[in-house]
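*Asks:* Next one to model:
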Amino acid sequence: MTQTSNPQTFSSTGRDTFVGTPRSRIDGPAKVTGLAKYAGEFAAPDLAYGYVVSSSIAKGRITAIESAEAEAVPGVLKVITHANRPRTAWRDKNFQDAVAPPGSPFRALYDDLIVFSGQPVALVVAEDFETARYAASLVRVSYAMQEPVTDLKAVRGDAYDPPTKREGIKPPPAPWGDADQAFGSAPIRVQGGYSMANEHHNPMEPHATTVVVEQDGTYTVYDKIQGVSNSHQYLVNVFGLKPDQVRVLNPYLGGGFGSGLRPQYQAFLAMLAAQELKRSVRVTLTRDQMWSFTYRGEALQTVALGAEPDGTLTTLRHDAVQGTSTFEDYQEVIVNWSGVLYRCENVALTYRIAKLDTATPGDMRAPGAVTGVFAIETAMDELAYATGQDPIALRLKNYAESDATAQGKPFGSKELKSCFRQGAERFGWAKRNPEPRSMREGRELVGWGVATGIWESMMMQSSAIATLTPDGRLTVGNSTGDIGTGTYTILTQIAADTLGLPMDAVTTKLGDTRLPEAPVAGGSWTAASSGTAVMKACRNVGEQVFKLARGLENSPLANVDFNRAVFADGRISVAGDPGRSVSLVEVMQAAGIDKVEAVEQAGPDKDFNQKYEAYTHSAIFVEVKVDEELGQVRVTRVVSAIAAGKVLNPKTARSQILGGVVMGIGSALEEESMLDHRIGRFMNHNLGEYHVPVNADIYDIDVIFVAEEDKANPLGVKGLGEIGIVGTAAAITNAVFHATGKRVRDLPITIDKLL
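*Replies:* As a prediction, this is how the structure comes out:
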């Protein structure tokens with residue numbers, strides 16, 4: 001690997017040809033024509049099918065499993081239970097994947113203990129899926145049942161500060177000032193409890209794993225995962241394999257929203273069966289079984305704000321209790337956002353968790369921020385009414401120029417004021433009558449609401465490969481996944497610009513553990529992390545080709561420094577003297593080599609991180625119309641103004657914000673995973689009864705990208721996967737109050753809460 005100079009000083013074409021321009025997703029045709037294959041669709045010779053038998057209780061023990069009738073069905077190969085399963089690793093650390101919270105990860109078929117409803121208790125493997133499914137219905141399981149505890153309100157008093165913190169999750173900072181004393185003496189006080197219901201990810205593609213047993217005894221695994229390296233590490237550690245014995249691929253993902261960050265139990269069961277039967281096995285979960293693992297966990301929050309009559313905050317307290325499983329201490333950043341968003345001299349932020357007899361919650365699009373920002377931004381709207389302030393003016397009055405939760409470090413960039421200004425102008429906020437129930441249209445009450453959005457801007461350690469061949473084609477890639485965000489496309493744009501090639505001369509490969517390692521696709525860090533790695537690898541290739549070009553006989557680039565090289569139109573030319581140039585193809589053919597290749601790594605800028613904090617910000621404006629008699633709420637207009645550094649592809653970027661806003665509408669008005677606490681089971685475990693927004697629910701969504709320069713990473717990007725959803729529910733809640741005069745603090749806003 002050739003070392004190269006700082007990529008921030010590198011000039012390719014001198015201007016961006018593709019980066020910053022709207023480009024359609026290059027994986028789009030494969031997806032819309034059905035050519036894209038997903039984890040449960042790859043063929044393999046002699047493929048067997050596994051069907052999971054799920055527990056019907058949430059807590060207790062298995063007393064007996066009767067499988068003889070199932071095993072007698074023609075075509076059934078094996079019924080695997082805790083009583084006959086092959087041996088695997090037994091230590092907790094072998095089962096802990098890259099994003100696992102502290103605790104003891106769930107182990108399918110490990111013993112007779114039942115710790116959540118829908119837990120896998122057997123795997124039926126047969127020659128075809130239909131036979132496996134039918135035979136699974138014949139497996140009889142007897143239980144000694146215990147009463148489950150799944151009501152967070154009932155165990156709120158038993159909540160605790162997790163002794164081991166989850167890696168990458170910032171615990172609340174120590175309080176500053178005296179929040180309680182200041183609240184007691186504040187002239188204006190607002191205090192309330194806030195909650196969001198449990199939510200499930202519900203991607204269109206169910207979780208599936210196909211394990212192919214190769215002739216040499218190695219395994220090729222197609223797994224639904226947002227980062228194949230995570231599944232690879234997990235399978236290697238659990239099954240005691242060598243890294244080169246397992247190859248994990250996931251070229252396409254049919255939605256994840258965080259449900260694919262961790263290897264789920266179908267991957268374990270598929271590999272278990274493949275090893276036992278010594279043949280390829282596929283396990284696909286049903287839609288019902290998609291409710292038996294990760295979900296956005298409910299949190300019970302209280303926010304107390306004290307202020308001067310002019311709206312100046314004097315005290316801020318934000319407390320949250322969130323549920324976790326009995327076997328892992330899942331944690332999110334929920335309350336910290338309040339301390340980042342607003343300037344206040346007396347602040348106390350606390351976060352605790354309580355154990356429930358459920359599966360471990362998991363990261364779901366903008367985990368923690370969706371929950372916590374809903375509470376603080378609703379409370380700020382309440383304070384605006386209590387002080388007679390315009391909601392935007394109140395936020396600007398208490399605007400934070402530095403991050404008080406990080407010892408007052410300044411922000412690397414923050415264009416939130418511009419977000420409010422541009423968003424308000426586009427929305428027409430100045431025409432708003434602030435009086436609740438003052439605006440109507442026919443039989444509908446009209447309400448306008450606003451909220452702030454925030455998400456941490458992160459960059460992770462990543463690597464990438466770039467290979468240029470004599471035909472002028474460039475191949476780049478790494479192991480990260482494209483989870484529907486357009487990663488294939490933006491990496492192609494970056495690579496094409498760096499070496500001055502057309503986009504159709506670039507092939508991007510992702511989702512394969514044989515490619516250089518990259519982090520899981522999540523956290524809005526993929527563009528910064530993998531994008532920078534690809535740029536550096538391409539730049540390395542460019543430098544190698546440039547050196548070859550300088551060595552050519554009568555080279556037009558002789559005695560030219562690399563920092564004067566311009567890559568454009570498939571050629572290398574001299575800055576300011578375009579007549580001195582040579583094509584990449586000519587250089588490689590003259591050199592007589594079959595490829596120029598480089599692998600490069602990229603990671604966070606430690607100097608920047610020591611000096612600055614980096615966040616993406618947004619201002620969300622919402623119009624709702626509420627049927628006064630029926631209580632039905634429609635979100636008729638949304639303007640989302642985003643400050644996220646450099647936008648690599650406005651078309652795919654806008655799509656990400658649209659998707660986030662739609663999910664925010666779901667959180668505010670529809671989504672609720674309903675637990676029956678008597679049996680500890682989510683009851684609306686299908687897409688018919690778990691309501692998500694559909695086309696008829698969505699009206700006008702306007703996205704504004706506010707200009708912002710950021711130096712947190714060489715590309716100047718901040719990531720857009722999460723920010724679109726953050727704050728949207730609060731803006732809707734605030735608009736509903738403006739329309740109706742009713743303040744709803746418990747989401748979703750169902751009709752019964754308005755009538």
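*Asks:* and residue 532, what are its phi and psi?
*Replies:* Residue 532 adopts backbone torsions of phi -70, psi -40, taken as degrees, to the nearest 10.
*Asks:* Does it touch residue 602 like I think?
*Replies:* Yes. Under the criterion of C-beta atoms under 8 Å, residue 532 makes contact with residue 602 at 3.9 Å. C-beta here means a position set from N, CA and C on the backbone, and glycine is covered the same way.
*Asks:* shared neighbours of the two, anything?
*Replies:* Here residue 532 and residue 602 have 7, 459, 462, 713, 714 as joint contacts, going by C-beta atoms under 8 Å, 6 or more residues apart in numbering.
*Asks:* okay, the residues you listed in CSV with secondary structure next?
*Replies:* Listed next are the shared contacts of residue 532 and residue 602 as CSV, based on DSSP: H, G, I helix; E, B strand; the rest coil:
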residue, secondary structure
7, helix
459, coil
462, strand
713, coil
714, coil
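*Asks:* Just put the residues you listed in TSV and tack on pLDDT.
*Replies:* Formatted as TSV, the shared contacts of residue 532 and residue 602 follow (pLDDT from 0 to 100):
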residue	pLDDT
7	37
459	97
462	98
713	96
714	96
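*Asks:* Just the buried residues from those residues, in PyMOL please.
*Replies:* Buried subset of those, written as a PyMOL selection, criterion 16 or more other C-beta atoms under 10 Å:
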select buried, resi 7+459+462+713+714
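*Asks:* Need the shared contacts of residue 532 and residue 602 in a markdown table (columns: distance to residue 291).
*Replies:* Output for the shared contacts of residue 532 and residue 602, formatted as a markdown table (distance: C-beta to C-beta, whole Å):
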| residue | distance to residue 291 |
| --- | --- |
| 7 | 45 |
| 459 | 34 |
| 462 | 33 |
| 713 | 38 |
| 714 | 42 |
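*Asks:* Which parts of the stretch 401-550 of the chain are helices?
*Replies:* 416-427, 487-499, 526-550 (DSSP state H, counting those that start in this stretch).
*Asks:* Tell me where the model's unsure across the stretch 401-550 of the chain.
*Replies:* Counting by pLDDT under 70, not a single residue of the stretch 401-550 of the chain qualifies.
*Asks:* Quick check: residue 452 touching residue 340?
*Replies:* No. Here residue 452 lies out of contact with residue 340, judged by C-beta under 8 Å, at a distance of 10.3 Å.
*Asks:* out of the two, which sits in the busier spot?
*Replies:* Counted by other C-beta atoms under 10 Å, residue 452 and residue 340 do not tie: residue 452 has more neighbours, with 26 against 20.
*Asks:* Rounded mean pLDDT for stretch 273-286, please.
*Replies:* Averaged over stretch 273-286, pLDDT sits at 98.
*Asks:* Stretch 640-656 now?
*Replies:* 98.
*Asks:* Tell me the span between the first and last residue of that stretch.
*Replies:* Stretch 640-656 has its terminal residues 12 Å apart, counting by C-alpha to C-alpha, to the nearest Å.
*Asks:* gap between that stretch and the chain center?
*Replies:* 16 Å (C-alpha atoms, centre = their mean, to the nearest Å).
*Asks:* got it, and stretch 150-164?
*Replies:* That offset, for stretch 150-164, works out to 25 Å (C-alpha atoms, centre = their mean).
*Asks:* Span of it from start to end?
*Replies:* 23 Å.
*Asks:* Over to stretch 155-169?
*Replies:* 23 Å.
*Asks:* what do you get for stretch 436-444?
*Replies:* 13 Å.
*Asks:* Pick the one among the shared contacts of residue 532 and residue 602 closest to residue 225.
*Replies:* residue 462 (16.6 Å; C-beta to C-beta).
*Asks:* which residues does that closest one contact?
*Replies:* Residue 462 neighbours (C-beta under 8 Å, 6+ apart): 478, 480, 517, 518, 519, 529, 530, 532, 533, 601, 602, 603.
*Asks:* where does the nearest residue to it once chain neighbours are set aside sit relative to residue 351, distance-wise?
*Replies:* Of all residues not flanking residue 462 in the chain, residue 529 sits nearest, at 3.9 Å (C-beta to C-beta, 6 or more residues apart in numbering). Distance of residue 529 to residue 351, computed by C-beta to C-beta, to the nearest Å: 27 Å.
*Asks:* Looking at these two now, which is surrounded by more residues?
*Replies:* More neighbours surround residue 529 than the other of residue 529 and residue 351, with 29 against 26 (other C-beta under 10 Å).
*Asks:* right, and residue 684 touches residue 673 too?
*Replies:* Yes. Residue 684 is within contact range of residue 673, at 6.8 Å (criterion: C-beta under 8 Å).
*Asks:* what do those two both touch?
*Replies:* With C-beta under 8 Å, 6+ apart, residue 684 and residue 673 have common neighbours residue 690.
*Asks:* List the buried residues for stretch 142-158?
*Replies:* 143, 145, 148, 149, 150, 152.
*Asks:* for stretch 102-113, same thing?
*Replies:* For stretch 102-113, by 16+ other C-beta under 10 Å, it's 102, 103, 104, 105, 106, 107, 108, 109, 112.
*Asks:* so the third one touches residue 328, yeah?
*Replies:* Yes. Judged on C-beta under 8 Å, residue 104 makes contact with residue 328 at a distance of 6.8 Å.
*Asks:* Contacts only, for residue 88.
*Replies:* 94, 107, 238, 239, 240, 272.
*Asks:* Tell me which residues touch the closest residue to residue 253 other than its chain neighbours, please.
*Replies:* The spatial neighbour of residue 253 that comes closest, neighbours along the chain excluded (C-beta to C-beta, 6+ apart), is residue 483 at 4.8 Å. Residues counted as contacts of residue 483 (C-beta under 8 Å, 6+ apart) are 226, 253, 255, 256, 260, 521, 522.
*Asks:* switch the cut-off to 7 Å
*Replies:* For residue 483, the contacting residues are 226, 253, 256, 521, by C-beta atoms under 7 Å, 6 or more residues apart in numbering.
*Asks:* again, but for residue 335
*Replies:* 172, 318, 319, 320, 349, 350, 351, 372.
*Asks:* Need phi/psi at it.
*Replies:* phi -90, psi -20.
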